[in-house]
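Peer 1: Here is a sequence with its predicted model. Questions after.
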Amino acid sequence: MSTIIYPSPIFGPVHSRRLGISLGINLLPADGKVCSFDCIYCECGFNEDHRPTLPLPTREEVAQALEKKLQKMTTEGQLPDVLTFAGNGEPTCHPHFAEIIYDTILLRDQYCPKAKVCVLSNSTMIHRQQVHDALMKVDDNILKLDTVDPDYINKVDHPNGTYDVNAIIEHMKAFHGHLIIQTMFMRGTIQQSMESVDNTGEEYVVPWLEVIKQVKPQQVMVYTIDRETPAQGLEKASREQLDAIRDRVIAAGIPCSASY
Ligand code: SF4
């Protein structure tokens, strides 16, 4: 099975049609994965198969590496359109996440003021005031909410610690619209346990949509499996299913994109 472990603390840039030139910032170690979830679809693989031996990059290392890269990109005349916090796990797990966001915004303003700062997070640390405040300062605060069903979350996202979906929803509301909700839809059955992971049915979509309406994010992104997954038996949601879910979100007055 092929999984992706990204360089740290800077990787890319990656060219994407949707984002343009995206420079990755990975706050996790370069030789493994650190995440408060252990999703069965994670492109980095399962946590236990990728335990890192290296430490997390320090705040200073991140700032220095980012500045060096932005200087190089300036010389080459190819500045990033977006600085994306992603990589080998959950960026908000880093103890100095908030300070690193402030450093990054300063460097962005200095070298590429038009670029957006984007964070991809699984939402497990948004109860921390410092994390909340830092996420309020970024341009795209993209937070995962795969379902509002606790059993499904335990089966698919495998939170490492206590995860209370109702508390997560309340903390999402506290962003007052300054968030983008990202939701993975898929079908299939986990080969090992023969449990269904299909969250495209009404029993999942209806309560999820109700929560979306309550949280009122600026946007919703629905997507499906795109790469090989560590668990076997998972299947993509169909284009028709994703488009239908997208249209229901839009009908509720919230912009939504579907990536198939
Ligand atoms: S939250 Fe993201 S990084 Fe963490 S296990 Fe899930 S997919 Fe992987």
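Peer 2: Arrived safely, thanks for sending.
Peer 1: Look up how far R108 lies from the residue lying farthest from the centre of the chain.
Peer 2: Of all residues in the chain, T75 has its C-alpha farthest from the mean position, at 30.4 Å, by C-alpha atoms, centre = their mean. Applying C-beta to C-beta, to the nearest Å, the value for T75 to R108 is 17 Å. From N, CA and C alone the C-beta is placed, and that goes for glycine too.
Peer 1: can you check A65 too?
Peer 2: From A65 to R108 the distance is 14 Å (C-beta to C-beta).
Peer 1: And the two? Which one has more around it.
Peer 2: R108 (22 against 16; other C-beta atoms under 10 Å).
Peer 1: Could you list the buried residues of the helix or strand where the more buried one lies?
Peer 2: For R108, the host element (DSSP states H and E) is helix 97-111. Judged by neighbour count (16 or more other C-beta atoms under 10 Å), helix 97-111 contains these buried residues: 97-98, 100-101, 103-105, 107-108, 111.
Peer 1: That helix packs against which elements?
Peer 2: Contact here means 3 or more C-beta pairs under 8 Å, 6 or more residues apart in numbering; DSSP states H and E; on that basis helix 97-111 packs against helix 59-75, strand 82-85, strand 116-121, helix 129-137.
Peer 1: what would these look like in a markdown table with mean pLDDT and distance to I190?
Peer 2: Converted to a markdown table, those look like this (pLDDT from 0 to 100; distance: least, C-beta to C-beta, whole Å):
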| stretch | mean pLDDT | distance to I190 |
| --- | --- | --- |
| helix 59-75 | 98 | 36 |
| strand 82-85 | 98 | 29 |
| strand 116-121 | 98 | 24 |
| helix 129-137 | 98 | 31 |
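Peer 1: got the contact list for the residue nearest to the spatial centre of the chain?
Peer 2: Nearest to the geometric centre of the chain sits L120, at 3.0 Å (C-alpha atoms, centre = their mean). The contact partners of L120, by C-beta atoms under 8 Å, 6 or more residues apart in numbering, come to 84-86, 91, 142, 144, 182.
Peer 1: change it to 7 Å
Peer 2: 84-86, 142 (C-beta atoms under 7 Å, 6 or more residues apart in numbering).
Peer 1: same question, C93
Peer 2: By C-beta under 7 Å, 6+ apart, the neighbours of C93 are 34, 36, 125.
Peer 1: Beta-bridge partners for C256, please?
Peer 2: V220 (DSSP bridges).
Peer 1: Let's verify the closest residue to V211 other than its chain neighbours: helix, strand, or coil?
Peer 2: The shortest distance from V211 to any non-neighbouring residue, by C-beta to C-beta, 6 or more residues apart in numbering, is to V148 (5.0 Å). With DSSP: H, G, I helix; E, B strand; the rest coil as the basis, V148 sits in coil.
Peer 1: And the one 10 residues further on, by the same measure?
Peer 2: Here H158 takes the coil state, with states given by three-state DSSP.
Peer 1: repeat for E235
Peer 2: strand.
Peer 1: so it touches F185, yeah?
Peer 2: No - here E235 does not reach F185: they are 10.7 Å apart, not a contact under C-beta atoms under 7 Å.
Peer 1: higher neighbour count, these two?
Peer 2: F185 (23 against 14).
Peer 1: ok now do that one, which residues does it touch?
Peer 2: 199-200, 222, 224, 237, 241-242, 245.
Peer 1: Go through these and say which is closest to N26.
Peer 2: T224 (23.8 Å; C-beta to C-beta).
Peer 1: Just the pLDDT for the closest one.
Peer 2: T224 is assigned 97 on the pLDDT scale.
Peer 1: Quick check: the gap between the one residue in the stretch 101-250 of the chain that gets nearest to the ligand and R59.
Peer 2: For the stretch 101-250 of the chain and the ligand, the shortest gap (C-beta to the nearest ligand atom) falls at N122, measuring 3.7 Å. Distance from N122 to R59, counting by C-beta to C-beta: 21 Å.
Peer 1: Many thanks, I have nothing further to ask.
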